[in-house]
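any chance you could fold what I've pasted below:
(one chain, ligands or ions: 2)
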Amino acid sequence: MSSKLIAPSLLAADFGNLQRDIEMVNKSDADWFHIDIMDGVFVPNISYGMPVLKTIAKHAKKTIDVHLMIVDPDRYIKTFADLGSDVLTVHYEASTHLHRTLQAIKAEGMKAGVALNPHTNVILLEDTIMDIDLVLIMSVNPGFGGQSFIENTYAKIKQLKELIIRKGASTIIEIDGGVTTANIKALADTGADAFVAGSFVFKSSNQLKAIKDLKAVANS
Ligand code: DX5
Ligand code: ZN
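Numbers count the residues shown, from 1 in each chain. Ligands and ions are numbered 1, 2, ... in the order given. Sure, this is the predicted structure:
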């Protein structure tokens, strides 16, 4: 892939000024909006749900990349399609019939993603990779923003890239958690295509510049 994609995570946005933060992403160099949905069961935290996503979708002018950290995600595939999701990612660990889930996501007109927790080996995607548009490699344990990046992520990107090439798949690789300008180039060089960034963007005093810097360094 030529241009690396930047997906700011609104989990770290200021919810008192949500529209302002969405407009910031609209006019930035970012490619996608990353939306973290947590249910307090699959992960220990609860983030936000449908009414908030509806508001985000009303103002967002870029691809909406939804990351479901919920048990039994099949229950909500149609709901998230109707809310305006373009990419819908479910967790491997939360999906009993992953192949069926992927087809259901595509049947609703969305790109189908699969997220892997840090302990989940990429080889488990051997039999489904041709059906997956995006693999999201968690580079922290899911549930919270602002955690430290797990170094084993590089090995996982390499293994996944090998699998994609070996199978002739067109799956893209997204990295989520602890992404900064200090590691984004190495991650891109290892084979990642898209990068989620929450704290690095929204805790910055110059958010537009933070996004611009991520994009520039990833593509350097
Ligand atoms: C964590 C979420 C991430 C989170 C990333 O469970 O999936 O998308 O917002 O936040 P940072 O970039 O702060 O690690
Ligand atoms: Zn996420």
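
list the contacts of stretch 113-123.
Outside stretch 113-123, the residues within contact range by Cβ atoms under 8 Å, 6 or more residues apart in numbering are 65, 67, 69, 87-93, 95, 98, 102, 124-125, 128, 132-142, 150, 152-153, 156, 159-160, 163, 174, 176. In this view, the C-beta of every residue, glycine as well, is placed from N, C-alpha and C.

need the longest helix for this structure.
Determined from DSSP state H, the single longest helix within the chain is helix 153-167.

list the buried residues in that one.
153-154, 156-157, 159-161, 163-164 (16 or more other Cβ atoms under 10 Å).

same check, this time on stretch 82-97
The neighbour-count check on stretch 82-97 (16+ other Cβ under 10 Å) flags 83-92, 94-95 as buried.

can you name the two of these that sit furthest apart?
Taking Cβ to Cβ, the two most distant members of the buried residues of stretch 82-97 are 84 and 92; they sit 24.5 Å apart.

what does the protein put close to ligand 1?
Applying Cβ under 6 Å from any ligand atom, we find that the chain lies next to ligand 1 at 9, 11-12, 34, 36, 67, 140, 142-143, 145-147, 176-179, 196-200.

and the helices in the protein?
18-27, 50-59, 77-82, 98-107, 153-167, 184-190, 199-202, 207-218.

measure how far the fifth one is from the centre of its chain, please.
Translated: helix 153-167. Computed by Cα atoms, centre = their mean, to the nearest Å, the chain-centroid distance of helix 153-167 equals 17 Å.

so for it, mean pLDDT?
Across helix 153-167, the average pLDDT comes to 98.

what residues are up against the closest residue to residue 49 other than its chain neighbours?
The spatial neighbour of residue 49 that comes closest, neighbours along the chain excluded (Cβ to Cβ, 6 or more residues apart in numbering), is residue 37 at 6.8 Å. Contact partners of residue 37, counting by Cβ under 8 Å, 6+ apart, are 47-49, 53, 66-70.

would you list the residues you listed in TSV and tack on distance to residue 184?
As requested, those are exported to TSV (distance: Cβ to Cβ, whole Å):
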residue	distance to residue 184
47	24
48	26
49	30
53	26
66	22
67	18
68	24
69	23
70	28
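
low-confidence stretches in the protein?
When residues are selected by pLDDT under 70, those of the chain lie in 1-2.

distance check, the closest residue to residue 218 other than its chain neighbours against ligand 2.
Leaving aside its chain neighbours, residue 218 sits nearest to residue 4 (3.9 Å; criterion: Cβ to Cβ, 6+ apart). As judged by Cβ to the ion, to the nearest Å, residue 4 and ligand 2 stand 17 Å apart.

residue 4 contacts residue 190, correct?
No. Counting by Cβ atoms under 8 Å, residue 190 is not a contact partner of residue 4; they are 11.8 Å apart.

I am finished for the moment; much appreciated.
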